[in-house]
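**Student:** Below is the sequence, then the predicted model.
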Amino acid sequence: MTEKRSYSYTVLRYVHDVTTSEFVNVGIVLHVPSEGNLRVRTRHTIGRIKDVFPDLDRQAFVDAMASVERGIKTVAKDIATSGMLPCDGDAATYARRALPSDYSSLQWSPIGTGLTDNADKTFERLFERFVTRYDEHTARRRTDDEVWRPVRDLLQERNIAVPLEKKEIIGKTDVISFDRTWKNGVWHAYEPVSLDLADADGIKDKARRWLGHLAAVADGPSDDFKVYFILGKPRKQALMPAYESAKAILACAPGGPSIYEEDEVESLVSSIEDEYREHVEGVRS
């Protein structure tokens, strides 16, 4: 029979407004004295927290979680190298060494204790119970390649053998590599952009990155080119305002890119077909 060992734990709380004391649990620290080490895990995404606190700064939150994990791991190393006795502290004591209790938005819960015959399973159970229990189990998000697939399939169905190839566009300060281009006077670059993401900030950030990429090669590019964005919509209706903002951001990019939504794929393929057949006839004549 496996011997049970004592453990202690403390839960990391994110307190959005210290005056109202509303909080959500965002992490766990577990200490098993017989092992003499600490386990720590925090949220790596904002998930449902954004629904509770819509004005949450995502990047600041993610950075704070990473900082807490680094701090706990530093304390764990100190325990291992200092020769401290297992009974010298508990999860809450060590957690507060990494992140002292004050009036900030991150607070430690009162200590909890128990017995375990499998510390790893207990740690997983506690994290699920206190941190991720009410998270939505959402469907897998679509990738850029999946947004491109209907265009590829329709090109094949119509027997449009446009020779798509990779092409680098070099500007004075940056280089963009496109995977699907062909040349007809200028380089035509087709870029699928899945905006089927988890939150509004992520959707708009992806559009801003493309805006930055195109701006970086707008000054004296090595080749003339035209970009065609094919956009994948988010599945959550609540994220449609962010999608519309992202679409507007992309429309403002240098070079005047053309933007096609998923229900406009046939129109895009028809325009490719017209240009390609005209190009082939021109070459033959």
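**Tutor:** Alright, I've got the coordinates.
**Student:** all strands of this protein, in order?
**Tutor:** For the chain, strands defined by DSSP state E occupy the ranges 5-17, 22-32, 37-42, 106-108, 112-116, 165-170, 175-184, 186-194, 225-232, 258-261.
**Student:** Let me have these in a markdown table, adding mean neighbour count, distance to Ile203 and mean pLDDT as columns.
**Tutor:** (Glycine included, C-beta is placed from N, CA and C.) Below are these laid out as a markdown table (neighbours: other Cβ atoms under 10 Å; distance: least, Cβ to Cβ, whole Å; pLDDT from 0 to 100):
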| stretch | mean neighbour count | distance to Ile203 | mean pLDDT |
| --- | --- | --- | --- |
| strand 5-17 | 19 | 22 | 91 |
| strand 22-32 | 22 | 22 | 92 |
| strand 37-42 | 21 | 24 | 90 |
| strand 106-108 | 19 | 27 | 92 |
| strand 112-116 | 14 | 38 | 93 |
| strand 165-170 | 15 | 25 | 94 |
| strand 175-184 | 17 | 21 | 94 |
| strand 186-194 | 21 | 10 | 96 |
| strand 225-232 | 21 | 10 | 96 |
| strand 258-261 | 17 | 14 | 96 |
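**Student:** which stretch among those comes nearest Glu278?
**Tutor:** strand 175-184 (8.1 Å; Cβ to Cβ).
**Student:** ok, Pro234 touching Ser194?
**Tutor:** No. Here Pro234 does not reach Ser194: they are 9.1 Å apart, not a contact under Cβ atoms under 8 Å.
**Student:** contacting residues for the residue nearest the centre of the chain?
**Tutor:** Using Cα atoms, centre = their mean, the residue of the chain that lies closest to the mean C-alpha position is Gly202, 6.6 Å off. Contacts here follow Cβ atoms under 8 Å, 6 or more residues apart in numbering; on that basis Gly202 touches Arg58.
**Student:** and what of the one 3 residues further on?
**Tutor:** The neighbours of Asp205, taking Cβ under 8 Å, 6+ apart as the test, come to nothing; the list is empty.
**Student:** Roughly how far does Ile28 sit from Val68?
**Tutor:** With the distance defined as Cβ to Cβ, to the nearest Å, Ile28 ends up 11 Å from Val68.
**Student:** now for the helix-or-strand element of the chain with minimal mean pLDDT, which elements pack on it?
**Tutor:** Least confident helix or strand, the chain: helix 49-52 with a mean of 74, by mean pLDDT, DSSP states H and E. If you count contacts as 3 or more Cβ pairs under 8 Å, 6 or more residues apart in numbering; DSSP states H and E, helix 49-52 packs onto strand 22-32.
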